[in-house]
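[1] here is a sequence with its predicted model. Questions after.
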Amino acid sequence: MDNKIVLAFVGMPGAGKSEATAYLKEKGIPFVRFGQFTDDEVKKRNLPLNPINERTIREEFRRELGMGAYGIMAKPKIQELLTKSRIVVLDGLYSWEEYILLQKEFPVKLVHIYAEPEKRYERLAVRPIRPLTKQEAHNRDIVELEKLNKGGPIAIADNCIQNEGDLAQLHEKIDSLLIKLTQ
């Protein structure tokens with residue numbers, strides 16, 4: 001695993017984690033989106049892809065496999081991608097248990113994407129898929145911290161990117177981080 005990097009973007013909803021992943025995808029860097037496991041299972045069961053069914057599947061995975069469920073499911077894909085690429089990005093690492101599980105096998109670097117709550121709530125209100133009101137966004141913050149053990153990976157992140165500006169500024173910060181990590 002020398003010179004390999006598994007880059008996991010962590011942070012609260014609306015901070016810019018998916019935007020960061022999308023930017024690196026455009027650069028040809030492979031990624032694993034943890035939510036894809038949920039989407040695939042919903043589709044496999046011929047259910048409509050909606051928040052209720054997605055939540056049902058997520059909770060079922062975690063009941064069956066524990067809080068590290070998505071890390072367990074992601075391991076084979078991460079291993080495969082690392083045979084082809086020096087860097088693999090993780091989009092959706094949430095829980096402390098996922099992090100602990102994956103860092104035992106991979107050179108995981110946590111990158112906290114941070115934006116103040118008001119900025120995040122503004123973004124979440126206007127996003128095209130599953131927009132949230134300010135109260136819904138706040139409630140989601142609480143649920144993710146209390147039920148998904150999300151605070152640990154954020155607290156010990158190796159790097160932090162402040163994302164209060166526009167996409168061009170976020171992209172510049174990601175480019176700088178990549179230079180730092182690959183030197």
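    Perfect, thanks for sending it. Residues are numbered from 1 along each chain as shown.

[2] F61 contacts F37, doesn't it?
    Yes - with contact defined as CB atoms under 8 Å, F61 reaches F37; the gap is 7.2 Å. Heads up, the C-betas are built off the backbone N, CA and C, glycines and all.

[3] need the residues touching each of the two.
    Listed as contacting both F61 and F37 by CB atoms under 8 Å, 6 or more residues apart in numbering are Y70, M73.

[4] contacting residues for the spatially most central residue of the chain?
    The centre of the chain sits closest to G92, judged by CA atoms, centre = their mean, with a distance of 2.3 Å. Going by CB under 8 Å, 6+ apart, G92 touches K17, R33, F34, G35, Y70.

[5] mind doing that once more with 10 Å?
    8-10, 17-18, 21, 31-38, 70, 74, 98 (CB atoms under 10 Å, 6 or more residues apart in numbering).

[6] what about those residues, which are in strands?
    Members of the contacts of G92 lying in strands (criterion: DSSP state E): A8, F9, V10, F31, V32, R33.

[7] of those, closest to E122?
    Proximity of the ones in strands among the contacts of G92 to E122, judged by CB to CB, is greatest for F9, which lies at 19.6 Å.

[8] distance-wise, check the closest residue to that closest one other than its chain neighbours relative to Q79.
    In space, F9 comes closest to K17 once its chain neighbours are excluded; the distance is 4.2 Å by CB to CB, 6 or more residues apart in numbering. K17 sits 22 Å away from Q79, going by CB to CB, to the nearest Å.

[9] out of the two, which sits in the more crowded spot?
    Legend: neighbour count by other CB atoms under 10 Å for K17 and Q79, higher for K17 (24 against 12).

[10] quick check: that one vs R62, distance?
    Using CB to CB, we find K17 at a distance of 20 Å from R62.

[11] quick check: the gap between the residue nearest to the centre of the chain and L102.
    To L102, G92 is 12 Å away according to CB to CB.

[12] can you check which residues contact both of these two?
    Jointly contacting G92 and L102 under the rule CB under 10 Å, 6+ apart are A8, Y70, A74.

[13] pretty sure the second one sits against I57.
    What that stands for is Y70. No - checked against CB atoms under 10 Å, the pair Y70 and I57 is beyond contact range at 11.3 Å.

[14] now the protein, which segments are flagged as low pLDDT?
    Scanning the chain with the threshold set as pLDDT under 70 gives 1.

[15] L124 against P13, yeah?
    Yes - counting by CB under 10 Å, L124 does reach P13; the two are 6.1 Å apart.
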